[in-house]
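K.L.:
after the sequence you'll find the predicted model.
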Amino acid sequence: MKVASIRKPESMTTAISLGFTSTVVSGTERPQCVLCLNILAMDSMKPSKLKRHLETQHPEHVGKSLEFFKRRLDEFNKQRRAFMKTSTTAASALLASYKVSYIIARCKKAHNIAETWVLPAAIDMVEIMLDEQSANKLRSIPLADNTVGRRISDISDDLCDQLTDVLKYSHFGLQIDEATDVVKDAHLITYVCYISANEIKEDLLFCKPIVGRATAVKVFNMIDNFFNEHGISWENCVGLCTDGAQSMAGRHAGLQALVREKAPHTSWTHCMLHRQALASGSMNEELGNLLKDVVRVVNYIKNSPLKGRLHSYVKILVLNTLLYCITVNHAGYPVEKYSIECMNLEMKLLHSFVKIKTKMETFSQMIISLKNLLTWLISLRNLTN
């Protein structure tokens, strides 16, 4: 189709005298009225049409001087520059808000830290390093706690969209487990392992609360609904990893069976950590008792900040003992004599330093065990040499 040529005004002075300037819309130059700011069609660049617009839409300004329309054009240009500057500043402030919210989410900090700590600190630093005008620009960054929460939610949705877009065209494997948080609410946690850019990557797919019992049908429906919402095909699922519970690993009515109905080629794997937990239930009695003692001692130390500080002090004593023994051994002295004497002196120092009325025997037994362990290591070293 042939486009008719458009005859433009002979000069810009003609257009300004009629109250018009030019603007570019979608790569095409079009007339724009400086009085009402309306943009006319491309074929309205003819002086006759510009004059008709002035006479019909703004009859009170017909016959005004050229200086009047130039003043209106200057005011219009100032407004346009101010609007463009404001738009640029708003876009930069919005991007800064998202970046700060992303950092807060990764550091797992409270949302109000941005408004109460990050922004005031940034303003002070910029004011000192640059100037007050640059620091005032930071005040336009929206960092309220509710705003940060919305930003984090938007970032989460965007990351989820990016991940699901990759899973639509890539094979992947699922790792599914049920977990309980500190308030005893059950959640279904699903990880996905997939190939992207010739690399194997692993990401969190979703974490959703479980209402009621975590049956195989309910767990499968949660995963299937997520796939349907994001357009993910079960045909791309080639692996499934769960624990050994009947609702997960069951071949006939468990989650494994339900997934294989959708994706028959899916291979099921028993989680390695759960297998180790099962294997530890039938371990050697001596090793089991040792692990129980370790757990009991660790729990006892963590129950009190004072006990934690005393435990740190004991570690320093043991480290100094080992370093002393190494030094004495290199000097050619009998290491057994000096190491045991040093341990005895540190035991006396610990008893004089620590004044605990209850369960003091736990620390004493721990020091004695460390002393026996060190003696055994020294004997073993002498035998191997």
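P.N.:
Here it is on my side, so go on. Note that this is a predicted model, so its numbers are computed, not measured.
K.L.:
downstream neighbour of the helix or strand where Val166 lies in the secondary structure list?
P.N.:
In this assignment (DSSP states H and E), Val166 forms part of helix 145-167. Using DSSP H and E, the helix or strand that directly follows helix 145-167 along the chain is strand 172-180.
K.L.:
what's the following helix or strand after that following strand?
P.N.:
Following strand 172-180 in sequence order, the next helix or strand is strand 186-196 (DSSP H and E).
K.L.:
pull up the pairing partners for that next one, direction included.
P.N.:
strand 172-180 (antiparallel), strand 199-209 (antiparallel) (DSSP bridges).
K.L.:
return the most buried member of those strands.
P.N.:
strand 172-180 (a mean of 17; mean count of other Cβ atoms under 10 Å). For glycine as for every other residue, the C-beta is placed from the backbone atoms N, C-alpha and C.
K.L.:
the helix holding Val166 packs against which elements?
P.N.:
Here helix 145-167 touches helix 66-107, strand 186-196, strand 199-209, helix 216-230, going by 3 or more Cβ pairs under 8 Å, 6 or more residues apart in numbering; DSSP states H and E.
K.L.:
now do 7 Å
P.N.:
Where contact means 3 or more Cβ pairs under 7 Å, 6 or more residues apart in numbering; DSSP states H and E, helix 145-167 is packed against helix 66-107, strand 186-196.
K.L.:
lowest average pLDDT across these?
P.N.:
Note on these: helix 66-107 shows the lowest mean pLDDT, a mean of 77.
K.L.:
domains in the protein, by residue range?
P.N.:
Following automatic domain parsing, the chain resolves into domains at 14-64, 85-149, 171-277, 290-384.
K.L.:
nearest to Gln79, out of the ones you listed?
P.N.:
Nearest to Gln79 among the domains of the chain is domain 14-64; the distance by Cβ to Cβ comes to 9.1 Å.
K.L.:
average pLDDT across that closest one?
P.N.:
Mean pLDDT, computed over domain 14-64, is 76.
K.L.:
same thing with stretch 121-138?
P.N.:
In this model, stretch 121-138 has a mean pLDDT of 90.
K.L.:
show me what counts as buried in it.
P.N.:
Ala122, Ile123, Val126, Ala135, Leu138 (16 or more other Cβ atoms under 10 Å).
K.L.:
tell me which two in those are the farthest apart.
P.N.:
Maximum pairwise distance in the buried residues of stretch 121-138, criterion Cβ to Cβ, is 8.3 Å, between Ala122 and Ala135.
K.L.:
enumerate every residue touching Asp177.
P.N.:
Remark: with contacts taken as Cβ atoms under 7 Å, 6 or more residues apart in numbering, Asp177 is in contact with Ile189, Thr242, Asp243.
K.L.:
where's it relative to Leu50, distance?
P.N.:
Distance, Asp177 to Leu50, using Cβ to Cβ, to the nearest Å: 72 Å.
K.L.:
then Gln57?
P.N.:
From Gln57 across to Leu50, the span is 11 Å (Cβ to Cβ).
K.L.:
quick one: which of those two has more around it?
P.N.:
Ranked by neighbour count (other Cβ atoms under 10 Å), Gln57 and Leu50 place Leu50 first, with 21 against 13.
K.L.:
so that one versus Val34, what's the distance?
P.N.:
11 Å.
K.L.:
give me the common contacts of those two.
P.N.:
Phe20.
K.L.:
which residue is nearest the centroid of the chain?
P.N.:
In the chain, the residue lying closest to the centroid (Cα atoms, centre = their mean) is Arg106, at 3.9 Å.
K.L.:
list the contacts for that one?
P.N.:
Residues in contact with Arg106 (Cβ under 7 Å, 6+ apart): none are found.
K.L.:
tell me how far Lys137 lies from Ser92.
P.N.:
Distance from Lys137 to Ser92, by Cβ to Cβ: 8 Å.
K.L.:
same deal with Asn112?
P.N.:
From Asn112 to Ser92 the distance is 23 Å (Cβ to Cβ).
K.L.:
could you do Ala245 as well?
P.N.:
For Ala245, the distance to Ser92 - Cβ to Cβ - is 51 Å.
K.L.:
over to Gly244?
P.N.:
In terms of Cβ to Cβ, Gly244 sits 53 Å off from Ser92.
K.L.:
now Ala216
P.N.:
Applying Cβ to Cβ to Ala216 and Ser92 gives a distance of 50 Å.
K.L.:
quick one, which of the two is more surrounded?
P.N.:
Using other Cβ under 10 Å as the criterion, Ala216 and Ser92 rank with Ala216 on top: 20 against 13.
K.L.:
state whether that one and Leu258 are indeed in contact, as I suppose.
P.N.:
Yes. Using Cβ atoms under 7 Å, Ala216 is in contact with Leu258, at 6.1 Å.
K.L.:
flag the shaky bits of the stretch 251-385 of the chain, pLDDT-wise.
P.N.:
281, 283, 311, 313-385 (pLDDT under 70).
K.L.:
let's see 80
P.N.:
Under the criterion of pLDDT under 80, the regions of the stretch 251-385 of the chain flagged as low confidence span 276-295, 297-298, 300-302, 304, 306-385.
K.L.:
and His187, how many neighbours?
P.N.:
His187: 15 surrounding residues under other Cβ under 10 Å.
K.L.:
surely it meets Val211?
P.N.:
No. Counting by Cβ under 7 Å, His187 does not reach Val211; the two are 10.8 Å apart.
K.L.:
tell me the secondary structure for the residue located most distally from the centre of the chain?
P.N.:
If you look at how far each residue of the chain sits from its centre, by Cα atoms, centre = their mean, the farthest one is Gly63, at 63.9 Å. Classification of Gly63 by DSSP: H, G, I helix; E, B strand; the rest coil places it in coil.
K.L.:
could you shift the numbering so residue one becomes 788, and keep it that way?
P.N.:
Shifting the count to begin at 788 puts that one at Gly850.
K.L.:
got the phi and psi for it?
P.N.:
Taking degrees, to the nearest 10, you get phi 90, psi 0 for the backbone angles of Gly850.
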